[in-house]
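Q: The amino acid sequence is not available; the structure is as follows:
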């Protein structure tokens, strides 16, 4: 059986070879021919076929790479029009000079009135007077003396006792200040210390009552503006303009 199968397979291959190569054409058995003569025979009215020249737009598209109008291909992006020359840039203005914050005080009501008059020429918003309470002040005091000579003798006596002295306010002349304190309790303690050193005739007085004060504030003063502050500094009565806290 195996030999028979091999023989049949060889006969089948030989038959296919003879058929495919046209050896059996005389017997009417051969594959259909697809050569050039047969293709020409299959043409329909070949005499009506005409060759047309390409359109100008197609020729231009072939050179530029752009698709002709109405074509099915994707249109190439046209180069953007050149932008007009930009105007020459102007130099940036120099940065504004930063201003310094200055203040002065504490001012009493009389000094505040003088400052208002002196600052009237300044731009609005460039200065302000902020209310600030003035705390009362207490003093260890000796006086009033009958005359300047009696006061000088007492001052010399205190100097020999190595006790510091100062002038009191205008309302307490002629007299001697032996210390100033922010509260009456602190002034009483100061008096007790002086009594232990031998001072007998001093007493505690209120040199200044609580009052309404003011703080002058200039939020942004430039170097160019400082010369214009001279009238304002004169009105401060010796109080300096210092950097804000």
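A: Sure, I can see it. Nothing here was measured: the structure is a model prediction, and the numbers come from that model.
Q: and the residue nearest to residue 186 when sequence neighbours are not counted, what are its bridge partners?
A: Spatial nearest neighbour of residue 186, chain neighbours left out: residue 138 (7.2 Å); criterion: Cβ to Cβ, 6 or more residues apart in numbering. Placement of C-beta: from N, CA and C, glycine included. Per DSSP bridges, the residues bridged to residue 138 are residue 181, residue 206.
Q: In this structure residue 138 contacts residue 205, no?
A: Yes - judged on Cβ atoms under 8 Å, residue 138 makes contact with residue 205 at a distance of 7.2 Å.
Q: who has more neighbours, the two?
A: Using other Cβ atoms under 10 Å, the more surrounded residue of residue 138 and residue 205 is residue 138, with 22 against 18.
Q: can you pull the contacts of that one?
A: Shown in contact with residue 138 (Cβ atoms under 8 Å, 6 or more residues apart in numbering): 180-184, 186-187, 204-207.
Q: That one and residue 208, how far apart?
A: Shown here: residue 138 relative to residue 208, a distance of 9 Å by Cβ to Cβ, to the nearest Å.
Q: One more: residue 220?
A: The gap separating residue 220 from residue 208 is 33 Å, by Cβ to Cβ.
Q: What of residue 125?
A: On the measure of Cβ to Cβ, residue 125 and residue 208 end up 33 Å apart.
Q: Among the two, which residue is more densely surrounded?
A: residue 208 (15 against 8).
Q: Could you find the closest non-adjacent residue to the more buried one?
A: residue 137 (4.3 Å).
Q: How much space separates the one you found from residue 206?
A: Separation of residue 137 from residue 206 (Cβ to Cβ): 7 Å.
Q: okay, those two: which has more neighbours?
A: More crowded of residue 137 and residue 206, by other Cβ under 10 Å: residue 137, with 16 against 13.
Q: Just give me the neighbour total for residue 201.
A: Count around residue 201 with other Cβ under 10 Å applied: 8.
Q: quick one, what contacts it?
A: Contacts of residue 201 (Cβ under 8 Å, 6+ apart): residue 142.
Q: so where do the strands sit in the protein?
A: Counting by DSSP state E, the chain has strands at residues 100-107, 128-134, 137-143, 175-181, 203-208, 211-221, 242-243.
Q: Just the buried positions in the longest one, please.
A: Along strand 211-221, these residues count as buried under the neighbour rule (16 or more other Cβ atoms under 10 Å): 213-216, 218, 221.
Q: And those residues, which is closest to residue 27?
A: residue 221 (123.4 Å; Cβ to Cβ).
Q: Find the residue closest to residue 99 in space, skipping its chain neighbours.
A: The nearest residue in space to residue 99 (Cβ to Cβ, 6+ apart) is residue 220, at 2.9 Å.
Q: ok, now residue 184?
A: Here the residue nearest residue 184, using Cβ to Cβ, 6+ apart, is residue 138, at 5.0 Å.
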